[in-house]
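Engineer: model the structure of this input:
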Amino acid sequence: MNNDGIPAPSEGLLMTHFLTVRDVVRSRRFYSEVLGGQVVLDENPCIVKLANSWIIMNPGGGPTPDKPDVTLEPPSGPHTVSSFMNLRVADIEACYAQWSAKGAEFLTPPIDRLAEVRCYLRDPDGYLIEVGQATGMLKGIFARTDTNSG
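Structural biologist: Numbering: from 1, shown residues only. Down below sits the predicted model:
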């Protein structure tokens with residue numbers, strides 16, 4: 001990878017996550033100041049290194065030559081989600097307290113789901129973020145297979 005922190009592998013593959021955002025400055029502040037990421041590039045695109053991955057953020061826009069029939073836009077509403085970021089933490093109670101103190105708004109406090117303790121929050125554009133701590137999984141207890149396991 002490049003020495004300046006930009007996700008550019010010298011060999012193999014590297015995973016990043018792209019978010020279409022309404023306000024780059026607001027989103028950059030959330031991922032760096034609330035969640036503790038490191039700003040690698042301010043804009044065009046904004047890149048924040050978060051733990052062992054990178055979040056790339058840019059405003060939405062219409063088709064481009066390499067994606068001729070695709071328009072990028074942030075989520076249209078809070079009630080339907082097709083994907084979400086999943087952050088695994090070592091101490092969910094400490095994380096919940098720290099991020100709440102910095103302004104993160106969680107949907108609920110952490111809930112014990114047997115396999116894990118988890119909760120969700122949204123970023124400024126409404127992207128859903130799961131925060132979870134493996135608990136039962138470490139003892140061989142995994143998610144139920146009924147409709148309430150997701």
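
Engineer: hey, let's count contacts and neighbours off CA atoms from now on
Structural biologist: OK.

Engineer: bridged to the residue nearest to the spatial centre of the chain, which residues?
Structural biologist: Most central in the chain under C-alpha atoms, centre = their mean is residue 85, positioned 3.9 Å from the mean C-alpha point. Legend: beta-bridge partners of residue 85 under DSSP bridges are residue 129.

Engineer: and it, what does it touch?
Structural biologist: Counting by C-alpha atoms under 8 Å, 6 or more residues apart in numbering, residue 85 touches 128, 129, 130.

Engineer: same question, residue 141
Structural biologist: Counting by C-alpha under 8 Å, 6+ apart, residue 141 has contacts 114, 115.

Engineer: for it, give its distance to residue 87.
Structural biologist: Counting by C-alpha to C-alpha, to the nearest Å, the gap from residue 141 to residue 87 is 20 Å.

Engineer: kindly report the same for residue 8.
Structural biologist: 22 Å.

Engineer: kindly report the same for residue 78.
Structural biologist: For residue 78, the distance to residue 87 - C-alpha to C-alpha - is 19 Å.

Engineer: would you map the strands across this structure?
Structural biologist: 16-21, 38-41, 46-50, 53-59, 85-88, 111-112, 116-122, 128-134 (DSSP state E).
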